[in-house]
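In: just coords:
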Ligand code: 9MR
């Protein structure tokens, strides 16, 4: 199948837009995605934000009905959980964990070690030749608190970065790498395994999905790193494919994506789509045309992902366009001022074509 290039997309989109614009069949209020996922062995989930969950009933209702697993968008990052070296604050995270428990939903943990969302004191401490305990104490405290309630933990996040131009495409600019070299990854996985042996331990990675040379380098960096970790008996068990897809900006190829998933599977590791959304900042002004492009890319992408027996499911990075991080991120904002349409439900909590294609993709795996 040819690569999904911007030009080929524009040509196809222009030709088919007219008859692809259809009314979604999923009515608001149905548990469509959750039910569809439950019929497969796969999960469907969403990132959740405590600050909206507590004030927006419609949002809470949508999450409760549609998602079989939740992940905190910010609340389990170290900046939120450990604002000072001697102080933890679990309030916001607990709000989401309680909500999930009440609604019979699983939880993902995101993320123990990341170069972003770090409290200031931690950045300073990493400058001072820290001991391993700066990683292990934190992981032990947090993982043990939520032990038994977490399906999987993103132990490390975004450890590859081609822009650093470093050997193996490692993110050498990370304060963690500067303090420990690559061994911070080993330390983190061992600590997580010890603190919560039942959670599936993930390496979560960004921008691995595009059919672009830079993305191929990220895939290579990821696979080479996995090989080194596995050789050192580091308990990495799964790879998170974030899937912040750039619908009108980067090329996509079923073959390339499929091969990457196979490479991961051949190492005995699981895969999960962990942060899917489909940016549309460069797309046409007509929302229906953008919805069609988003739905058709998601269909191709998920059909490949769900064809693999080692895929665990898909999480979208939010559920309604109303609260997407893309709307407040300058490089993804639309010049015409329209909000993004990158998530399954629109700003009025109505399902879009994306929901229908997701349902169809889950349907392919139904038992
Ligand atoms: O969507 C998240 C945004 O609200 C936060 O400000 C930001 C920093 O904590 O993180 C965003 O989520 C990121 C995720 O944690 C890791 N992958 C990329 C996501 C989008 O930036």
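Out: It's in. Note that the structure is a prediction, hence the values are computed from the model and not measured.
In: show me what contacts the residue in the stretch 251-367 of the chain that the ligand sits nearest to?
Out: The ligand sits closest to residue 325 of the stretch 251-367 of the chain, with a gap of 3.4 Å, by Cβ to the nearest ligand atom. C-beta here means a position set from N, CA and C on the backbone, and glycine is covered the same way. Counting by Cβ atoms under 8 Å, 6 or more residues apart in numbering, residue 325 touches 73, 317, 318.
In: filter those by proximity to the ligand?
Out: residue 73 (Cβ under 6 Å from any ligand atom).
In: any regions of the stretch 201-350 of the chain where pLDDT drops low?
Out: Within the stretch 201-350 of the chain, no range satisfies pLDDT under 70.
In: for it, what lies in contact range of the ligand?
Out: Near the ligand, when you scan the stretch 201-350 of the chain using Cβ under 6 Å from any ligand atom, you find 206, 242, 275, 325.
In: which element is the spatially most central residue of the chain on?
Out: Nearest to the mean C-alpha position of the chain, by Cα atoms, centre = their mean, lies residue 275 at 2.0 Å. Per DSSP states H and E, residue 275 falls inside strand 270-279.
In: now for that strand, which elements pack on it?
Out: With contacts taken as 3 or more Cβ pairs under 8 Å, 6 or more residues apart in numbering; DSSP states H and E, strand 270-279 sits against strand 200-205, strand 238-241, strand 244-246, helix 254-266, helix 287-306, strand 311-316.
In: make TSV out of those and add mean neighbour count and distance to residue 143.
Out: Converted to TSV, those look like this (neighbours: other Cβ atoms under 10 Å; distance: least, Cβ to Cβ, whole Å):
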stretch	mean neighbour count	distance to residue 143
strand 200-205	24	10
strand 238-241	26	16
strand 244-246	21	26
helix 254-266	17	24
helix 287-306	22	27
strand 311-316	25	19
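In: out of these, which gets nearest to residue 92?
Out: strand 311-316 (18.9 Å; Cβ to Cβ).
In: ok, back up a step: name the member of the contacts of residue 325 with the most neighbours.
Out: residue 318 (27 neighbours; other Cβ atoms under 10 Å).
In: find the closest residue to the ligand in the stretch 51-200 of the chain.
Out: residue 117 (3.8 Å).
In: can you give me the neighbour number for the closest residue to that residue other than its chain neighbours?
Out: Distances taken as Cβ to Cβ, 6 or more residues apart in numbering put residue 77 closest to residue 117, at 3.9 Å, once the chain neighbours are dropped. By other Cβ under 10 Å, the residues close to residue 77 number 20.
In: what sits against residue 77?
Out: By Cβ under 8 Å, 6+ apart, the neighbours of residue 77 are 110, 111, 114, 117.
In: burial measure for the third one, as a count.
Out: Think residue 114. Counted with other Cβ under 10 Å, residue 114 comes out at 19.
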